[in-house]
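> This is a predicted model, with the sequence first.
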Amino acid sequence: MATSEEIAEENRKIRFLRILVDFSIHLILQGDLPFEEALKVIEGVKGHACRLFPGKEETFELIYRPRFRRILVEKYGPSPLQ
């Protein structure tokens, strides 16, 4: 059973990742980034998420990758993803 400190730490990590993802999405949508730079931002978020939650790479792919893919299509169109 997790202690209240462990639960608080897990919640802090989740909040931080949520803020990081939201910030990255805003940066991509509102920024003047080329497509390749947007991909680097996404991979940076993934790397940070994997450091926060080791062994949860598949979770990132299931939850956040589709969201980022939709953002990329919205900003750059479908052709760069093919």
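Arrived safely, thanks for sending.
> next structured bit after the longest helix along the chain?
If you go by DSSP state H, the chain has its longest helix at helix 4-30. Tracing the chain C-terminally past helix 4-30 and defining elements by DSSP states H and E, one meets helix 35-52 next.
> mean confidence for the longest helix of the chain?
Average pLDDT, helix 4-30: 97.
> Packing partners of it?
Packed against helix 4-30 by the contact rule (3 or more Cβ pairs under 8 Å, 6 or more residues apart in numbering; DSSP states H and E) you find helix 35-52, helix 65-76. Glycine gets a C-beta too; all of them are placed from N, C-alpha and C.
> Give me the buried positions along the helix or strand following the longest one.
Taking DSSP H and E as the definition, the helix or strand that follows helix 35-52 towards the C-terminus is helix 57-63. The neighbour-count criterion (16 or more other Cβ atoms under 10 Å) identifies residue 60 as the buried residues of helix 57-63.
> got a list of contacts for helix 57-63?
Residues outside helix 57-63 that contact it (Cβ atoms under 8 Å, 6 or more residues apart in numbering): 46, 49-50, 53.
> how about those in CSV, adding distance to residue 24 and pLDDT?
Shown next, in CSV, are those (distance: Cβ to Cβ, whole Å; pLDDT from 0 to 100):
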residue, distance to residue 24, pLDDT
46, 10, 98
49, 11, 97
50, 15, 97
53, 16, 96
